[in-house]
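> Fold the following.
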Amino acid sequence: MRNGTTLLLLAAIAVAGVAYLTLWEPSLAPAAPALTSVSDAPSAMVIFPVGEKPNYEGVGMKPVVFNHLVHKNRVENCESCHHTGETVACTTCHTVEGNVKGKFVTLNQAMHTLRILPQADRNTPQSCVSCHTKQLQKPKCAGCHSIVKPTRSEIYCNVCHSVTGLTKADIVDGIAGKLSDERKAELAANTLKARKNPVQLQPTDGPYKVMIDDIADKYKANMFAHRRHVNSLMGRIKDNALASAFHNQPTTLCSTCHHNRLLASASPKCGSCHSQRANPDPATPARPQLKAAYHLQCMGCHKGMNVARPLNISCVTCHKESEGQSVARAAEKLGEK
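Modelled structure (predicted):
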């Protein structure tokens, strides 16, 4: 018993000492716990453009439904977004007009900028757009997106900036930062429930193969495996929430190659716009010639997706030499001997 009593007294003294140091030495106060994934965070919420203006027409930004559950499972840790170390709403610091707390980085800049300077005193933040842009650099996406850049149109913006069932009262309270979390969660849930996966064109909607015979005098016609390529692209975006959200038109996947006419049944040949002339057309000097257009599209896509074959330096992998061209080449080689 004596030993047990001694241990209890020592423990009490240690606790009292810690309490004393904590009260009288602020520098020794216990550190805040490390930021980890917030398991009890809402699955989805509405982010309002908090500011001094009374409506979103005045601030130039509509509210956004942010699916927190989807995003938190795709980042390394919470600090990827909550770069200050505090799990608070972005609008706590970043408002429409900007303020001292947010270092006058406006909400629009915080959400959309691509130019983010490393932070010396905290984690370097990510914006929504900068994070999404990184995803486009992955091989599954880079084939198309190394050639085609997303058009910042109303359709593109409405993927995020659209809330179902939003009232004027919600807007006023939301911008003032007074709308309840319960109402935000309700709006978010209704919006996500109303969303439908966009209808995509199926591989069978287009041709099985396409004959490319613009240089038949030198090379045999190339039978382009159109359906196989469409199947490959659709397979790469399958089960990808980001791709599903932004490929919101049936012809989006077609637009990399058919960038001028998107109706598969009415798509003209590339040679209809891209000339085989040796010199650029004075009327359209920036338009690539036919050979350049094909090679920029095909090679650019294969390079972006890390497709090993065909090699860029191997012309005959895609273009089998015509008989006349083969004879001419053989005669040329004989003449060199």
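
> going forward, measure contacts and count neighbours with C-alpha atoms only.
OK.

> State the mean pLDDT of stretch 103-110.
Averaging pLDDT along stretch 103-110 yields 91.

> scratch that, stretch 293-312
Mean pLDDT, stretch 293-312: 84.

> distance between that stretch and the chain's centre?
On the basis of C-alpha atoms, centre = their mean, to the nearest Å, stretch 293-312 is displaced by 22 Å from the centre of the chain it belongs to.

> What of stretch 272-282?
Computed by C-alpha atoms, centre = their mean, the chain-centroid distance of stretch 272-282 equals 34 Å.

> what comes up buried for that stretch?
His274, Ser275, Gln276 (16 or more other C-alpha atoms under 10 Å).

> correct me, but Lys291 touches Gln276?
Yes: Lys291 is in contact with Gln276 according to C-alpha atoms under 8 Å; the separation is 7.2 Å.

> so who does the closest residue to Gly174 other than its chain neighbours touch?
Once flanking residues are discounted, Gly174 sits nearest to Phe48: 5.6 Å by C-alpha to C-alpha, 6 or more residues apart in numbering. Neighbour list for Phe48: Lys62, Pro63, Val64, Thr91, Ile171, Gly174, Ile175, Gly177 [criterion: C-alpha atoms under 8 Å, 6 or more residues apart in numbering].

> any idea how far the residue sitting nearest the centre point of the chain lies from Thr164?
Against the mean C-alpha coordinate of the chain, by C-alpha atoms, centre = their mean, the closest residue is His132 at 2.6 Å. Here the distance between His132 and Thr164 works out to 23 Å (C-alpha to C-alpha, to the nearest Å).

> What of Tyr208?
Counting by C-alpha to C-alpha, the gap from Tyr208 to Thr164 is 40 Å.

> got it, and Cys93?
On the measure of C-alpha to C-alpha, Cys93 and Thr164 end up 26 Å apart.

> Please say which of these two ends up with more neighbours.
Cys93 (20 against 16; other C-alpha atoms under 10 Å).

> which SSE is Met223 in?
For Met223, the host element (DSSP states H and E) is strand 222-224.

> Same question for Glu182.
In the assignment (DSSP H and E), Glu182 maps to helix 181-194.

> mind saving the C-alpha coords of that helix as PDB?
Coordinates of each C-alpha in helix 181-194 appear next as PDB, following Å, rounded to 0.1, in the frame of the first residue of the first chain:
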ATOM      1  CA  ASP A 181     -26.000  24.300 -42.500                       C
ATOM      2  CA  GLU A 182     -29.100  22.200 -42.500                       C
ATOM      3  CA  ARG A 183     -30.600  24.200 -45.400                       C
ATOM      4  CA  LYS A 184     -27.300  24.100 -47.300                       C
ATOM      5  CA  ALA A 185     -27.200  20.400 -46.900                       C
ATOM      6  CA  GLU A 186     -30.800  20.100 -48.100                       C
ATOM      7  CA  LEU A 187     -30.000  22.200 -51.200                       C
ATOM      8  CA  ALA A 188     -26.900  20.100 -52.000                       C
ATOM      9  CA  ALA A 189     -28.800  16.800 -51.600                       C
ATOM     10  CA  ASN A 190     -31.600  18.000 -53.900                       C
ATOM     11  CA  THR A 191     -29.100  19.100 -56.500                       C
ATOM     12  CA  LEU A 192     -27.100  15.900 -56.500                       C
ATOM     13  CA  LYS A 193     -30.300  13.900 -56.600                       C
ATOM     14  CA  ALA A 194     -31.500  15.800 -59.600                       C
END
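
> all numbers from here: first residue = 19
With 19 as the first residue, the last one maps to helix 199-212.

> What is that helix packed up against?
Other elements packing on helix 199-212 under the criterion 3 or more C-alpha pairs under 8 Å, 6 or more residues apart in numbering; DSSP states H and E are strand 63-65, strand 82-84.

> Kindly recompute the last result at 6 Å.
strand 63-65 (3 or more C-alpha pairs under 6 Å, 6 or more residues apart in numbering; DSSP states H and E).

> For the strand it packs on, which strands pair with it and how are they oriented?
Using DSSP bridges, strand 63-65 pairs in its sheet with strand 82-84 (antiparallel).

> For the one helix or strand Tyr312 maps to, list every residue counted as buried.
Tyr312 is located in helix 308-322, with elements delineated by DSSP H and E. For helix 308-322, a neighbour-count test (16+ other C-alpha under 10 Å) marks Leu308, Lys309, Ala311, Tyr312, Gln315, Cys316, Met317, Gly318, Cys319, His320, Lys321, Gly322 as buried.
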